[in-house]
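[1] Here is my input, please return the structure:
(chains A, B and C)
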Amino acid sequence: MGPATVAQSALDPAGPQAAQLSHLWWVMFWVCTSVFLVVIAIVASAVLRRNSEPTPDRLLTGSVAFGVGATVAILFGFLVISFITGRAVASTVDAGAVTITVTGQQWWWNVEYIDPAPNLRVRTANEIHIPVGRPIVFNLASRDVIHSFWVPNLHGKRDLIPGYQTSFWLQADRPGVYRGQCAEFCGHQHAWMALYVTAESDAEYKRWLAAQREPAVEPGSDITRRGQELFLKSTCTQCHTIRGTIAGAVSGPDLTHVASRGSLAAGTLSNTREHIERWVRDPQQAKPGNRMPPNAMSDDDLHALSAYLESLK
Amino acid sequence: MAAKDYANTRYSGLSEITAGNVASLKPAWTFSTGVLRGQEAAPLVVNGTMYVVTPYPNLLYALDLTKPGAPAKWVYKPKPSAAAQGVACCDTVNRGAAYADGKIFFNALDAHTIAVDAETGKEVWKTMVGDFRRGETTTMAPIVAKGKVIVGASGGELGIRGWVVALNAADGSIAWRAYHTGPDKDVLIGPNFKPFYASDRGTDLGVSSWPPDAWKTGGAGAWGWISYDPELDLIFYGTANPGTWNPEKRPGDNKWSCTVFARRPDTGEAVWAYQYNPHDLFDHDAVNEHLVLDLQYGGQLRKLLVHPERNGHMYVFDRQTGEILSAEPYAYINSSTGVDLKTGRLHMVDEKKPITNKVVYDICPAAPGAKDWQPTSFSPRTGMLYIPHQNLCHDEEVLDVGYIQGTPYVGANVKMNPGPGGHRGQLDAWDVVNAKQVWSVKESFPVWSGAVSTAGDVVFYGTMDGWFKAVHAKTGAPLWQFKVGSGVIGQPITYKGPDGKQYVAVLSGVGGWAGAIVSGDLDAGDPTAALGFVNVMKDLPQSSTKGGTLYVFSLP
Amino acid sequence: MKVVMAILAVSVLVACEREKREFHQSGIVPQTTPVTDLYPGGGTPHAAERSKYEGNAYALSQGKMLFSAYNCTGCHANGGGGMGPALMDDQWIYGYEPDQVYKSILEGRPNGMPTFRGKIPDEQLGEIAAYVRSLSGQAPKAAAPGRDDHMSGKPAESSTEKRSPKISALPPSAVQ
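    As a prediction, the model looks like this:
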């Protein structure tokens, strides 16, 4: 389950949109189940009665007409409630909501908190924190291929289409850590493109956001200093940003506060020192085909680097 | 100094050569610099010696004008680092030197400022003012004011944190450095800072108008012209584009890029500033010259600052306060609708805003602006500003880009095209007080050379296909032209030789950003090469090869 | 029938090379790489090492992506050059063979090419070098990228005419 505190399920809604969708699903389920049982009952009775007389024409046409009519009526009913659900889920929300831009790329989520004051923006990866009970607007974009943003406990799927920005809003009505994942096949590691949405109290959310705005923690011990030195000297600066250092590249996730996240590599590994080392040494073993190359380094160097990364809370 | 005077008028009071006799102008002598990159410098004449700075490797020649053929007295070779060529955005040019106190001051490409004894050619001091490994280079012509050599950084395309530095002329030690992004204390904004417009007022705007930490790679160099008013004790200069070219990566006004600063030369403290292009969308650096002119304006004699901006507007300021008195377009503009004189704000056109991964077509003026670094000349006789400039529009697609120190931080595919009319360049005469064009000479190629005007009512300029021309200052009528060896992108000068005759000198050698297809041997098959210039200069290689020769003309 | 089988066999083999993706292989650093055509005293001309990336569509596509991500486009544009020389022409100052291009990126070059040793891993370097060669049409058409996602105004690498490269520091204007 990773850091998620709630089972990832569309049938355990934690917000109004997911509740609408879940409701729609249950209605369809029960109607279909009932229809199924009725049809089975009729078929069973037909088999058991063992009546050898041919069915009179009037009864036959009548039954077919009833069957077709009932089916059409039920489907039309489904259409109507789908339409109503769709309208409710797609409603717009006024400004003042928290706005987050999520850019999907193979195979991780780039997350940016938008703020009218540019120096208050926050950039992170694979992790979203939101305040409970407030509408959150998501702007979705893709850097390469079509992905799909899906946090089942909170909302339905929404595609991230390259060259096009879409948006939707959701709300979490109860606190918890919800797991989401990519829901549109996007290549080799589509299966391991997950993210975690933490819904928390307003005060906790503000605290988290303020901490994310800070530049990276300065290394305070010899081993973390050595780790930072290694980071800046090596291939890491070609793809990653650590604010507060000269590393400013954007092909890979922003690592300024990597140690504060619930998972590594978009939900592939839990965020432990051992996993950091395993990941840095050979990401291709944990997530073959992903964009990060292996890094051969001595054990001592690896320990120093992981100590530094672990300190970036 | 390269600009002729602190006011940056580039006007000569010499009148031996007049509109009447310039048709008989002949070459007097020539000098081959031995360097084949773009020659943007202005030769400097001091006490019977002419000083010429070449592009990389930045040789400084001293030519003895008292002897026939002006033989070289000495050459000083700064030997800048070869690797610095890899971080010079727009050809490895140099725009000239300055003279003061018996010394010649100039910049070498690898961010070193050098003082050389004007008589002997011996190095007096050499100071490292920046780090080319971070993308900082120096290509501008310094000025010397009140014993301080003032130098600005190049490198906005490399994500530098731009600055201007003042070195003590005597020993080359750094007196002060003003950054152009970041907290007020680094920008040397203090209690005496009084910007005229509200949007330039506030604390630490160089931090708050950027996403977190983006100001550290915010560009905003100062690689253009610096002027000086000794009476008001202010230096004026503009800062360059913000890093990166993709505006979506840097929401906010991005102060203090594309800004004119008025500073005290002694301490560098900012007295006023105005940001021409907040949240610059098109690489419209504000580094063009700021002419210090006292003119009869609106019924009274006023202290003006005149600036032909890349964004296509001619700004006229009251240079004491920074108030904009007028900002009329001097070129075709479709990317903005004008400057609101009450708020100082330039109003941008939404449809022309670059969007990541989308191509926006036909943005005018193009990235080099209506006019780039090539300096204008103001004639007090005619009251006209002679503007060598280009007529270009561009298509732009901005891309996601990351900052990797020592590599470009641009994030854009650009293709330039000729502007309305199809001609790519022109030399205009602009009536400064009445803010209108008086005459215009159209040219096929961008007019990337400087201009010089004289009391003889002649204006000299050069074209990129190699014609050095003289036109009538009042009417623009062509008077004389001479085909030099290679396209002209340098700054012509005129001077009185030791023999009392008037000479006109200009460097020929095409290149610079506009001529990079020739000076850099670029491939015309890729229209986005040289940040989009190659697309509109595909015919340059047929019209000009590389060169590096100084031509000096006089009447027979 | 035999002809058909032969054609099928060849297509399968070619396709294999084009489509192979090995995620665990480390790149091979080329050894001796001269950058001149002069071999004094009857020396043996350098035999170019065949690059395993050049026929591989994934490698070339990765190379193209990295060429942009690592800011190579900032100096070399989409092959036409700018701060750096053109990569799509036939003039190669430091050599055009896969290992020579590889070495230029790895070691840097005196007049402004930075060194990426320790910054770009070997495997990616090989991919980028193969992509650079595809800019002048040196890569097989079946494997080179067939379409640009961005405005570049020139034909895609798979439609680029193959130019005949030479080691040369002469400017094109002196050669044509």
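[2] Quickly check: stretch B:195-209 near chain A or not.
    Yes: on the criterion CB under 8 Å from any CB of the partner chain, stretch B:195-209 is in touch with chain A at B:207, B:208, B:209. To be clear about C-beta, it is placed using only N, CA and C from the backbone, and glycine gets the same treatment.
[3] Are we agreed that the first one is in a strand?
    Spelled out, that is residue B:207. No: under the criterion used here (DSSP: H, G, I helix; E, B strand; the rest coil), residue B:207 is helix, not part of a strand.
[4] so how far is residue B:403 from it?
    When CB to CB, to the nearest Å is applied, the distance between residue B:207 and residue B:403 equals 17 Å.
[5] Of the two, give the one with the bigger neighbour count.
    Between residue B:207 and residue B:403, counted using other CB atoms under 10 Å in any protein chain shown, residue B:403 has the larger neighbour count: 26 against 23.
[6] Identify the residue spatially nearest to the more buried one, adjacent ones excluded.
    Across the structure, with CB to CB, 6 or more residues apart in numbering or on different chains as the measure, the residue nearest residue B:403 apart from its sequence neighbours is residue A:248 (3.0 Å).
[7] wait, isn't the one you found in contact with residue B:217?
    Yes: counting by CB atoms under 8 Å, residue B:217 is a contact partner of residue A:248 at 6.1 Å.
[8] give me phi/psi at the residue nearest to residue B:403?
    Dihedral angles of residue A:248 (phi, psi; degrees, to the nearest 10) stand at phi -140, psi 20.
[9] Could you check how far residue B:19 is from chain A?
    Counting by CB to the nearest CB, to the nearest Å, the gap from residue B:19 to chain A is 54 Å.
[10] I'd like to know how many residues surround that residue.
    When counting by other CB under 10 Å, one arrives at 20 neighbours for residue B:19.
[11] same thing with residue C:19?
    Burial of residue C:19, expressed as a neighbour count using other CB under 10 Å, amounts to 11.
[12] Could you check the pLDDT of it?
    On pLDDT, residue C:19 comes in at 81.
[13] that older thread, between residue A:248 and residue B:217, what contacts are shared?
    Contact criterion CB atoms under 8 Å, 6 or more residues apart in numbering or on different chains; residues shared by residue A:248 and residue B:217: B:159, B:403.
[14] ok, residue B:531 - how many residues close by?
    Neighbouring residues of residue B:531 were enumerated by other CB under 10 Å; the total is 27.
[15] pLDDT below threshold where in the chain?
    All of this refers to chain A. Low-confidence segments of chain A, defined by pLDDT under 70: A:1, A:94-96.
[16] Grab the most central residue of it for me.
    With distances taken as CA atoms, centre = their mean, residue A:180 lies nearest the centre of chain A, 2.7 Å away.
[17] What is the one helix or strand it maps to packed up against?
    If you go by DSSP states H and E, residue A:180 is part of strand A:176-182. With contacts defined as 3 or more CB pairs under 8 Å, 6 or more residues apart in numbering or on different chains; DSSP states H and E, the packing partners of strand A:176-182 are strand A:147-150, strand A:194-200.
[18] wait, which of those strands is closest to residue B:39?
    When the helices and strands packed on strand A:176-182 are ranked by distance to residue B:39, counting by CB to CB, first place goes to strand A:147-150 at 52.0 Å.
[19] After that closest one, which helix or strand is next? Please name it.
    Where DSSP H and E defines the elements, the next helix or strand beyond strand A:147-150 is strand A:158-160.
[20] Do you know the pLDDT at the closest residue to residue B:328 other than its chain neighbours?
    Closest residue in space to residue B:328, ignoring its immediate chain neighbours: residue B:435 at 4.2 Å, by CB to CB, 6+ apart. Residue B:435 carries a pLDDT value of 96.
[21] For chain C, what lies in contact range of chain B?
    When proximity is defined by CB under 8 Å from any CB, chain C lies next to chain B at C:68-71, C:73-75, C:77-86, C:88-89, C:91, C:108, C:110-114, C:149-154, C:171-173.
[22] Just the ones in strands from these, please.
    residue C:91 (DSSP state E).
[23] List the strands paired with the helix or strand residue B:126 falls within, with their directions.
    With the criterion set as DSSP H and E, the secondary-structure element containing residue B:126 is strand B:123-128. Note on strand B:123-128: by DSSP bridges, its sheet partners are strand B:112-117 (antiparallel).
[24] contacts for the partner strand?
    Under the contact criterion CB under 8 Å, 6+ apart, strand B:112-117 has outside partners B:60, B:76, B:78, B:80, B:102-108, B:122-129, B:138, B:142, B:149, B:151, B:165, B:167, B:169, B:172.
[25] Check which residues of that strand are buried.
    Neighbour counts using 16 or more other CB atoms under 10 Å in any protein chain shown place B:112, B:113, B:114, B:115, B:116 of strand B:112-117 among the buried residues.
[26] Any chance of the residues you listed in TSV with pLDDT as columns?
    Supplementary listing: these in TSV, determined by pLDDT from 0 to 100:
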residue	pLDDT
B:112	98
B:113	98
B:114	98
B:115	98
B:116	98
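[27] got a markdown table for these, with distance to residue B:197 too?
    Formatted as a markdown table, the entries for those read as follows, by distance: CB to CB, whole Å:
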| residue | distance to residue B:197 |
| --- | --- |
| B:112 | 37 |
| B:113 | 33 |
| B:114 | 38 |
| B:115 | 38 |
| B:116 | 42 |
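[28] If anything else comes up later, I'll come back, but that's it for now.
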